[in-house]
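Student: coordinates for the following, if possible.
(chains A and B)
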Amino acid sequence: AQSVTQLDSQVPVFEEAPVELRCNYSSSVSVYLFWYVQYPNQGLQLLLKYLSGSTLVKGINGFEAEFNKSQTSFHLRKPSVHISDTAEYFCAVSASGNTGKLIFGQGTTLQVKP
Amino acid sequence: NAGVTQTPKFQVLKTGQSMTLQCAQDMNHNSMYWYRQDPGMGLRLIYYSASEGTTDKGEVPNGYNVSRLNKREFSLRLESAAPSQTSVYFCASSFDRTSGNTIYFGEGSWLTVV
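Tutor: Residues are numbered from 1 along each chain as shown, chains lettered A, B, ... in the order given. From the prediction side, this is the model:
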């Protein structure tokens, strides 16, 4: 079975500052990793995903994440945040194969202050 | 592009009442999912349908039933609503059940059971 832990429930940051949202996972098999963003009162939108290859994955809106197999982590980063990045961010994992199901972390609320 | 469409967006039920959440996707996807979102718990899978004609239980299926009406539509039914089912419900779809495929989400249905 897989599980995901997002280490921070809330991350406050000032506009134009860098941010890192932390995600750790556990699994006994190979996994694929995802970050989704949820803006207020909306559905989830894919930011980026890691399937294989380069461990540094670039996504939309200037976000990137690094897959670290030895530390079982997939932290999300952005060098300079904007007010519009205020949202809830979810890390998710799926086991390789044909399950197709995502297991989500608890979510991290990013609060960007002016 | 409509993507994944859910109805209704908001609903208030009395304990013991029944209702059906409707979901349709126009992306010709084979797999569809129902998740619920609760504060501090991320999203949890209720049921999924890997392909037309099949349905399977997810993490939290108790109190729910589903119907894959055709390739486009996947409904979620609460037969006898309970306050514990107060939540935000998301329908989602993906091309197929292959792990790593992007899962696309609807905008959510807010359900309150009083």
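Student: dump the residue contacts of the residue lying closest to A:Ile60 once chain neighbours are set aside.
Tutor: Distance criterion C-beta to C-beta, 6 or more residues apart in numbering or on different chains; nearest residue to A:Ile60, sequence neighbours excluded, is A:Leu47 at 5.9 Å. Glycine gets a C-beta too; all of them are placed from N, C-alpha and C. By C-beta atoms under 8 Å, 6 or more residues apart in numbering or on different chains, the contact set of A:Leu47 is A:35-37, A:59-61, A:63, A:76, A:89.
Student: A:Leu47: what secondary structure?
Tutor: Under the three-state scheme (DSSP: H, G, I helix; E, B strand; the rest coil), A:Leu47 adopts strand.
Student: model confidence for it, exactly?
Tutor: pLDDT recorded at A:Leu47 is 96.
Student: A:Thr99 too?
Tutor: 67.
Student: kindly report the residues of chain B close to chain A.
Tutor: Taking C-beta under 8 Å from any C-beta of the partner chain as the contact definition, chain B meets chain A at B:4, B:31, B:33, B:35, B:40-45, B:48, B:50, B:58, B:90, B:92, B:94, B:96-108.
Student: narrow the residues you listed to those in helices?
Tutor: Counting by DSSP state H, no part of these is found in helices.
Student: just the ones of those residues in strands?
Tutor: B:4, B:31, B:33, B:35, B:43-45, B:48, B:90, B:92, B:94, B:104-105 (DSSP state E).
Student: go through those residues and name the one nearest A:Ile103.
Tutor: Using C-beta to C-beta, B:Leu45 comes nearest to A:Ile103 of those, at 7.9 Å.
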